[in-house]
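Undergrad: Quick one: sequence plus predicted model below, questions after.
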Amino acid sequence: MDWLIYGANGYTGKMIVEEAVRRGLRPVLAGRNADALETLGKKYRLPVRAFALDNPAAVRAGLNGIGLVLHCAGPFSATSAPMLEACLDLKAHYLDITGEIDVFAHCHAQHARAQKSGIVVLPGSGFDVVPTDCLAAQLKRELPDADSLVLAFEAGGGPSPGTALTSVEGLGKGGRARIDGGVRRVPLAWKTRTFDKDGEARFAMTIPWGDVYTAFVSTGIANIETYMGVPPATAKNLRRIRWLGPLLGTRPVQSYLKKKVAKTVLGPSAEKRADSGTVVWGEVRDAAGKQVFGQLRTPNGYELTVTASLGIAQRLLTGARPEGGYYTPSLLMGADYVLSLPGVTGSAFVAS
């Protein structure tokens, strides 16, 4: 089938296009910036389609004849819904690389419509949330009665512009955790703790990572906390500004912070990505107190996003015909999918 990468001229989109071409794939390149797309299309000799997402008719015209969309243009809080709506109407599989909890929830709410359309809806097909979702599913397999899950990661290299913009939006929303089956709002840097990395304790704080939503769908575990490794000062600073939460979410403050991001954040260079891997930790516990621990090591998150999202796209492009509906990465690809990706290794699970 013909397929399309939307946001192909963005930071992550360009990386995905390059790898897709290396694999012999020929996606349609799409986005809003016609000039940038034409330049990219000429470089790789690929077709281009320029259209914005604020006009439903234009989106449907842009997806004419397309059977799968890999959506890479964030912030997905603004871009996911119009693209997903068009995919549901036109019966095109929908993949994206979001990590935003509210986007996962909206996509999940379209499960019945996706079933009726016979399409796969799978947000979070990149670093958000393939490694953490697969690790959660592996841990659940080891401890089927688990009722609590902790996931954490420590990543280097710095954020892309899209990730930085999403982080700015999150400042006004506070943290999230899954508590007794429901997604609850919690303060910024709600909890802190350490994780072991090669015998060294690494400091981490809770963040509203996508697995707060998706890991529950994948595993049914009712209590989920997600952490990111940061310097202790970061958690202290976030706790100091908790009372500013409502102000941080106002339009003037958001506009100021986003303009600052646009001027200063370019995304990590290829050299920095090559020198900065990621460690992912997972822990589950059951009511009797039994625990199981697991760990993954992956390439830089943007490198993993490229291989993970393309692997999922290729499965759907080369004959796989799963039932339509909403999927997490582990539900569609299996709990061990992450271990098939280049540069990913997993430690043996340890029980206590």
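TA: It's in. Note that the structure is a prediction, hence the values are computed from the model and not measured.

Undergrad: what ranges of the stretch 151-300 of the chain fall below the confidence cut-off?
TA: Within the stretch 151-300 of the chain, no stretch has pLDDT under 70.

Undergrad: Which parts of it are helices?
TA: 161-171, 211-219, 232-240, 245-248, 251-264, 270-274 (DSSP state H, counting those that start in this stretch).

Undergrad: Looking at the ones you listed, which one is packed in the most?
TA: Of all the helices of the stretch 151-300 of the chain, helix 211-219 carries the top mean neighbour count, a mean of 25, counting by mean count of other C-beta atoms under 10 Å. To be clear about C-beta, it is placed using only N, CA and C from the backbone, and glycine gets the same treatment.

Undergrad: Residues contacting that one, please?
TA: With contacts defined as C-beta atoms under 8 Å, 6 or more residues apart in numbering, helix 211-219 is touched by 101, 104-105, 108, 124, 129, 132-133, 136-137, 139-140, 146, 149, 151, 176-178, 181, 183, 221-222, 224-226, 326, 328, 330-331.

Undergrad: May I see the PyMOL selection of the buried members of the residues you listed?
TA: To isolate the buried members of the contacts of helix 211-219 in PyMOL, using 16 or more other C-beta atoms under 10 Å:
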select buried, resi 101+104+108+124+129+132+133+136+137+139+140+146+149+151+176+177+178+183+221+224+225+226+326+328+330+331
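
Undergrad: and the strand or helix carrying residue 85, what does it pack onto?
TA: Counting by DSSP states H and E, the element that carries residue 85 is helix 76-90. Here helix 76-90 touches helix 56-62, strand 68-71, strand 93-96, helix 101-109, helix 111-117, strand 120-122, helix 161-171, going by 3 or more C-beta pairs under 8 Å, 6 or more residues apart in numbering; DSSP states H and E.

Undergrad: Can you lay out the ones you listed as a markdown table showing distance to residue 297?
TA: Converted to a markdown table, these look like this (distance: least, C-beta to C-beta, whole Å):
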| stretch | distance to residue 297 |
| --- | --- |
| helix 56-62 | 39 |
| strand 68-71 | 25 |
| strand 93-96 | 25 |
| helix 101-109 | 25 |
| helix 111-117 | 33 |
| strand 120-122 | 24 |
| helix 161-171 | 21 |
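
Undergrad: Quick check: which of those is nearest to residue 298?
TA: helix 161-171 (16.1 Å; C-beta to C-beta).

Undergrad: Need the nearest residue in space to the residue sitting furthest away from the middle of the chain, chain neighbours excluded.
TA: Note on the chain: the largest C-alpha distance from the chain mean falls to residue 288, namely 32.6 Å (C-alpha atoms, centre = their mean). Nearest residue to residue 288, sequence neighbours excluded (C-beta to C-beta, 6 or more residues apart in numbering): residue 145, at 7.9 Å.

Undergrad: What's the per-residue pLDDT of that neighbour here?
TA: On the pLDDT scale, residue 145 is placed at 97.

Undergrad: got a list of what it touches?
TA: Counting by C-beta under 8 Å, 6+ apart, residue 145 makes contact with 286-288.

Undergrad: Take those and write them to JSON lines, including distance to residue 35.
TA: As requested, the contacts of residue 145 are exported to JSON lines (distance: C-beta to C-beta, whole Å):
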{"residue": "286", "distance to residue 35": "56"}
{"residue": "287", "distance to residue 35": "59"}
{"residue": "288", "distance to residue 35": "61"}
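
Undergrad: ok, of the residues you listed, which one's closest to residue 337?
TA: Comparing those against residue 337 with C-beta to C-beta places residue 286 closest, at 24.9 Å.

Undergrad: Can you tell me how far the closest one is from residue 144?
TA: 9 Å (C-beta to C-beta, to the nearest Å).

Undergrad: Compare those two (neighbour count), which wins?
TA: Legend: neighbour count by other C-beta atoms under 10 Å for residue 286 and residue 144, higher for residue 286 (15 against 10).
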